[in-house]
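S.K.: Based on what follows, work out the 3D shape:
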Amino acid sequence: MLAERYAAEIAYLRTNYAAEPTVTTTGGGCTALQARLGRLRMLATNGDHCLIGPDQDEEYEGVPVEWLVALYGRDDATGDDRVAQGEAADFEAAVAAAVASYECGDFVPE
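M.R.: Model prediction:
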């Protein structure tokens, strides 16, 4: 059901990043879009640290939700640490922001 709801986002990642995204669980009943972008692992959510389900609105308490795209390292140098992230109301813009943050090296973890 979630793969159907996020078919456009999955298609975008396949077309623009040659990725094979999946919907995955992240623990605590939460879900995310996951894909490999080169040497990085991407997790994307648009809810409160999870994907909005098929029966939920695209607003949370009246506020439109944003996409959060986080990139994680995949080699010994970066391990599984978050190395970049991007946020935007639009999925494509959030992915682009995360990739740009990684390429510029300007991400500072919290």
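S.K.: make it CA atoms for all contacts and neighbour counts henceforth
M.R.: Will do.
S.K.: What is the longest helix anywhere in the chain packed up against?
M.R.: In terms of residue count, the longest helix belonging to the chain (DSSP state H) is helix 91-104. When contacts are defined as 3 or more CA pairs under 8 Å, 6 or more residues apart in numbering; DSSP states H and E, helix 91-104 packs onto helix 7-17, strand 67-72, strand 82-88.
S.K.: mind running it again at 7 Å?
M.R.: Counting contacts by 3 or more CA pairs under 7 Å, 6 or more residues apart in numbering; DSSP states H and E, helix 91-104 packs against strand 67-72, strand 82-88.
S.K.: now the angle from the first one to strand 82-88?
M.R.: Following axes from the mean of the first three to the mean of the last three CA atoms, to 10 degrees, one obtains 170 degrees for the angle between strand 67-72 and strand 82-88.
S.K.: re earlier: now do the buried residues in the longest helix of the chain.
M.R.: 91-92, 94-102 (16 or more other CA atoms under 10 Å).
S.K.: can you list those residues in a markdown table and add pLDDT?
M.R.: Formatted as a markdown table, the buried residues of helix 91-104 follow (pLDDT from 0 to 100):
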| residue | pLDDT |
| --- | --- |
| Phe91 | 94 |
| Glu92 | 96 |
| Ala94 | 96 |
| Val95 | 96 |
| Ala96 | 96 |
| Ala97 | 95 |
| Ala98 | 95 |
| Val99 | 94 |
| Ala100 | 94 |
| Ser101 | 92 |
| Tyr102 | 92 |
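S.K.: Quick check: the two most widely separated of the residues you listed?
M.R.: Phe91 and Tyr102 (16.8 Å; CA to CA).
S.K.: What count of nearby residues applies to the closest residue in space to Arg82 that isn't next to it in sequence?
M.R.: Of all residues not flanking Arg82 in the chain, Tyr72 sits nearest, at 4.3 Å (CA to CA, 6 or more residues apart in numbering). For Tyr72, the neighbour count with other CA atoms under 10 Å is 21.
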